[in-house]
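1. need a 3D model of the following:
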Amino acid sequence: MIQPADRISNVSEYYFSIKLKQIEKMRNEGADVVNLGIGSPDQAPAPEVIKALQDAAPNPGFHGYQSYVGTPGLRKAFADWYKRSYNVELDYNTEILPMMGSKEAIMHICMAFLNPGDEVLLPSLGYPTYTAVANLVSAKIRYFELKADDNWQPDLAALENSDLSKVKMMWINYPNMPTGAPAQQEVMEKIVAFCRKNNILLVNDNPYSFVLNPNPTSIMSIPGFKEIGIELNSLSKSHNMAGWRVGMAASNAEFLQYILRVKSNMDSGMFRPVQEAAIKALSMGDAWYKELNEGYTRRRELVFQIMDLLKCEYDRNQTGLFVWARIPDTFKNGTEVSDIVLEKAHVFITPGFIFGEAGERYIRISLCTTEDKFRETIKRIQNIKF
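-> Numbering: from 1, shown residues only. Model prediction:
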């Protein structure tokens, strides 16, 4: 029999892929399931963005293969966005590489920099794809735990006291998913200094900085980061364009050339009308983000009510597209809460374990559904007898 590659044994099907199949099966059997698990914005991009796509689509020259590095217009739009939003200067010719979303970039970066056996520092709690990709490239994973008592920031002193001789890369994600912890300037400065001292490539995944975060920041603003670091950003959450697959990597020219060697063998360029629409999205002013966050603020208040019904503890000041909460001691773990709510209320809530062992006693609710659905969820959970 033909067997798959050994690397497949190190990864499982993505958790949400499995749950979506279960939800689809329940719906096919007649259940009205409310999905509060996945951070896929349910609203459309700005009308101007959709019009830019429509206007570009009929152009006969826009349907062929595109440049692997995106159009100059798109790269400049990203650079202008960084300058306007974060006060960060980037050379759009050499320091920006458009990507088909951050998820693609995670794979490309790991393929470009990690050899089998190289050690990589990953946050626990963190995005499961960091672990999956590290396993796919046969890197050795070392987790650093994020704790509530430390405001979900890395314990750099503990890392300094460990053997770092084989560590090649460190991933961070601030504003943090799933905890909603914002980026703290002092902590970011210490992380940059730590990685510079120990010759570690630092990658910050930064797609949530415009969602319920009054002070968007970029680690690119910290002196010295660019020489040892890469930042990822995306239009998925900030501009309601998750399915459009538009993101970017920002770094020094040499690092981006390494990534390009991988990327140019993996795709044939981003669809030009999508690039034109992304340029328009990146030009949106403060009014766009204000309206976006006003809606999410209303939704978050309803999610807080859901968490109160479940007797969970949470930080009202957390940022981002989710609400992260600790379950009461009456439940075994977050999975039990998720299973009960799905079975009895037909509402899917994400259990925290998928983000790391430290998430066992947590659950996460996405803000990506309508206020009416959240109100319906409140009614359903009120009727549950735990």
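2. quick one: the helices in the chain, in order.
-> 15-28, 47-56, 72-86, 102-113, 128-136, 156-160, 185-198, 225-228, 253-263, 272-282, 286-309, 334-345, 371-382 (DSSP state H).
3. tell me who's in contact with the nearest residue to S209 once chain neighbours are set aside.
-> In this structure, S209 finds its nearest non-sequential neighbour in P216, 4.2 Å apart by C-beta to C-beta, 6 or more residues apart in numbering. Any C-beta I mention is one placed from the backbone N, CA and C, and that applies to glycine too. Contacts for P216 (C-beta atoms under 8 Å, 6 or more residues apart in numbering) come out as S85, Y86, S209, F210.
4. comparing the helices of the chain by mean pLDDT, which bottoms out?
-> Mean pLDDT values for these show the minimum at helix 15-28, a mean of 86.
5. just want the angle from that one to helix 334-345.
-> 20 degrees (axes from the mean of the first three to the mean of the last three C-alpha atoms, to 10 degrees).
6. what's the local residue count around R298?
-> By other C-beta atoms under 10 Å, 12 other residues sit near R298.
7. right, I mislabeled it, should have said D315
-> So D315, with other C-beta under 10 Å, has 16 neighbours.
8. next one: the one 10 residues further on
-> Close neighbours of A325, defined as other C-beta under 10 Å, add up to 28.
9. so it sits right up against L309, yeah?
-> No: with contact defined as C-beta atoms under 8 Å, A325 does not count as touching L309 (11.3 Å).
10. now the residue nearest to N35 when sequence neighbours are not counted: how far from I381?
-> Sequence neighbours aside, F348 is the residue nearest to N35 in space, at 5.0 Å (criterion: C-beta to C-beta, 6+ apart). Counting by C-beta to C-beta, to the nearest Å, the gap from F348 to I381 is 12 Å.
11. quick one: which of these two has more around it?
-> F348 (23 against 20).
12. for that one, which residues are in contact?
-> K19, I23, V33, V34, N35, L36, G37, S338, V341, L342.
13. give the contact list for the fifth one.
-> What it means is N35. When contacts are taken as C-beta under 8 Å, 6+ apart, N35 is in contact with L20, I23, F348, T369.
14. one more: S236?
-> Contact analysis of S236 by C-beta under 8 Å, 6+ apart lists P41, G101, S102, P207, A242, W244, V246, G247.
15. with distance to N28 and neighbour count added, can I get the residues you listed in CSV?
-> Shown next, in CSV, are these (distance: C-beta to C-beta, whole Å; neighbours: other C-beta atoms under 10 Å):
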residue, distance to N28, neighbour count
P41, 25, 22
G101, 29, 20
S102, 32, 25
P207, 32, 24
A242, 24, 19
W244, 28, 23
V246, 32, 29
G247, 33, 25
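16. and which of those residues is nearest T179?
-> Of all the contacts of S236, T179 sits closest to P207, with 14.7 Å by C-beta to C-beta.
17. quick check: bridge partners of the nearest residue to the closest one once chain neighbours are set aside?
-> Take P207 and drop its neighbours on the chain: the residue closest to it by C-beta to C-beta, 6+ apart is S234, 4.1 Å away. Beta-bridge pairing of S234 under DSSP bridges involves G247.
18. was I right to think S234 contacts G247?
-> Yes: counting by C-beta under 8 Å, S234 touches G247, with 3.9 Å between them.
19. and which of the contacts of S236 is nearest E48?
-> W244 (14.3 Å).
20. what's the distance between the closest one and N198?
-> 37 Å.
21. repeat for G224
-> G224 sits 13 Å away from N198, going by C-beta to C-beta.
22. next: I2.
-> 43 Å.
23. with P58 instead?
-> Taken as C-beta to C-beta, the span from P58 to N198 is 53 Å.
24. compare those two (neighbour count), which wins?
-> The residue with more neighbours, out of P58 and N198, is N198; 14 against 9, by other C-beta under 10 Å.
25. what pLDDT does the closest residue to that one other than its chain neighbours get?
-> The spatial neighbour of N198 that comes closest, neighbours along the chain excluded (C-beta to C-beta, 6+ apart), is L164 at 4.9 Å. Here, the pLDDT recorded for L164 equals 97.
26. state the distance from L164 to E119.
-> 8 Å.
27. what's E313 in contact with, if anything?
-> A325, R326, P328.
28. is it bridged to anything, and to what?
-> R326.
29. quick one: it and M307, what's the gap?
-> Applying C-beta to C-beta, the value for E313 to M307 is 8 Å.
30. repeat that for P41.
-> 21 Å.
31. same thing with V33?
-> Distance of V33 to M307, computed by C-beta to C-beta: 20 Å.
32. residues contacting E89?
-> A79, Y82, K83.
33. need the buried ones from those residues selected in ChimeraX.
-> Burial among the contacts of E89 is assessed by 16 or more other C-beta atoms under 10 Å; the matching ChimeraX selection reads:
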select :79,82
